[in-house]
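Novice: Okay, predicted coordinates and the sequence, questions at the end:
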Amino acid sequence: MRYGGEGRARLLLIILIVTSLFLITLDLRGVKILDGVRNGTQNVLAPFQKAGSTVVTPFRNFFSDVTHLGRTRNQIEKLKADNARLRNKLLERKSADAQLTQLKSVLDLAGKAGYKVLATRVISQGASTSFSQTITIDAGTSSGVRPNMTVISGEGLVGVVKESFLNSALVMLATDPDFKVGVRIAGTQQIGILSGRGSKRAELQLLDNQKIVKVGDVLLARGSTNNRPFVPGIPIGVISAVDSSAGSIAQSATVMLYPNFSALGVVSVVLNAGKNNPGDALVPVAPQPTPVPTVTIYATPTPSASAK
């Protein structure tokens, strides 16, 4: 019996080998029997392949997203850093442009008056132990800056040097409550004392009660002996309100100071005022209103019926 089983197995093997050789021979000769078998097999397996792909795809996408998540975060951080760097460059450019404009204006003012000035940068602004409103500049005794020197901007008087160190100096602003300067009204010889009030508005006390001042009058620095602490002719501000109280011994007024004290970037120290008093040459020129263009309309008469 065992021999009979082995004979059947050998016979089955021989049949499979012959069948395989027969099918290969047919396939090589162009007979498409195997294509049908392959197509049938593919049709049977296709639903299982699709189901397997549907099941595996979410996991494949998940692992792909996890792989790219780190790259995306790095790109976001890089873009944020680039954005911050560009923003800083833009701010630096705007600051440099503003300082250049301020430097040009203060040099123009000094040039009109014939002053010898030293341009400096404001390195800090705030209160000191002695004064409530000050700025610190980046020039000191090594550059010829001494106490009681006038400090100006392109708009006018900023303050006076109170303390000078080797490479820096402390400037008391005209807004400080302890600040006082002798002034005169432009175009007249009427004089007074201007005092800081802690803001852009200052107080004026006129020494002559006979002449009337009015809103819009411009104040200039009267000047000090040997031009220390104040040189003459520097614009200070414009009268914005007049106190006409009855019985006052002296007239008083409110003055709007010219400089923008909150945006000082470049100021100049007057090292030498020169020999000539500039007088009223530094009075700011009021902007002229833009003229409204005129339009002329020519009317053409309509021909009458009688003229036809």
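Specialist: On my side now, so go ahead.

Novice: Count the residues that sit near residue 73.
Specialist: Neighbour count of residue 73, defined by other Cβ atoms under 10 Å: 10. In this view, the C-beta of every residue, glycine as well, is placed from N, C-alpha and C.

Novice: no, scratch that, I was asking about residue 230
Specialist: 23.

Novice: Where does it sit: helix, strand or coil?
Specialist: coil (DSSP: H, G, I helix; E, B strand; the rest coil).

Novice: right, and it touches residue 159 too?
Specialist: No. Assessed by Cβ atoms under 8 Å, residue 230 is found out of contact with residue 159, at 10.1 Å.

Novice: mind listing the helices in this structure by residue range?
Specialist: Listed in chain order, the helices of the chain (DSSP state H) span 2-28, 33-113.

Novice: Output stretch 75-92 as CSV - backbone C-alpha positions only.
Specialist: Taking C-alpha atoms only, stretch 75-92 is exported to CSV below (Å, rounded to 0.1, in the frame of the first residue of the first chain):
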residue,chain,number,x,y,z
GLN,A,75,10.6,76.3,9.4
ILE,A,76,8.0,78.3,11.5
GLU,A,77,10.7,79.2,14.1
LYS,A,78,13.1,80.3,11.3
LEU,A,79,10.4,82.4,9.7
LYS,A,80,9.7,84.1,13.0
ALA,A,81,13.4,84.8,13.6
ASP,A,82,13.7,86.2,10.0
ASN,A,83,10.6,88.4,10.6
ALA,A,84,12.0,89.7,13.9
ARG,A,85,15.3,90.4,12.3
LEU,A,86,13.7,92.3,9.4
ARG,A,87,11.5,94.3,11.8
ASN,A,88,14.6,95.3,13.8
LYS,A,89,16.4,96.4,10.6
LEU,A,90,13.4,98.4,9.6
LEU,A,91,13.2,100.1,13.0
GLU,A,92,17.0,100.8,12.9
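
Novice: what's it in contact with?
Specialist: For stretch 75-92, there are no surrounding residues in contact (Cβ atoms under 8 Å, 6 or more residues apart in numbering).

Novice: Averaged over its residues, which helix or strand of this protein has the lowest pLDDT?
Specialist: Using mean pLDDT, DSSP states H and E, helix 33-113 stands out as the lowest-scoring helix or strand of the chain, at a mean of 66.

Novice: quick one: residue 180 and residue 174, what's the gap?
Specialist: Noted for residue 180: a distance of 9 Å to residue 174, by Cβ to Cβ, to the nearest Å.

Novice: So which of these two has more stuff around it?
Specialist: Between residue 180 and residue 174, residue 174 has the larger neighbour count (other Cβ under 10 Å), namely 27 against 16.

Novice: Quick check: the more buried one touching residue 159?
Specialist: Yes. Judged on Cβ under 8 Å, residue 174 makes contact with residue 159 at a distance of 5.3 Å.

Novice: which stretches of this protein have low pLDDT?
Specialist: Judged by pLDDT under 70, the chain has its weakly predicted residues at 1-5, 20-70, 91-92, 94-99, 245-249, 286-308.
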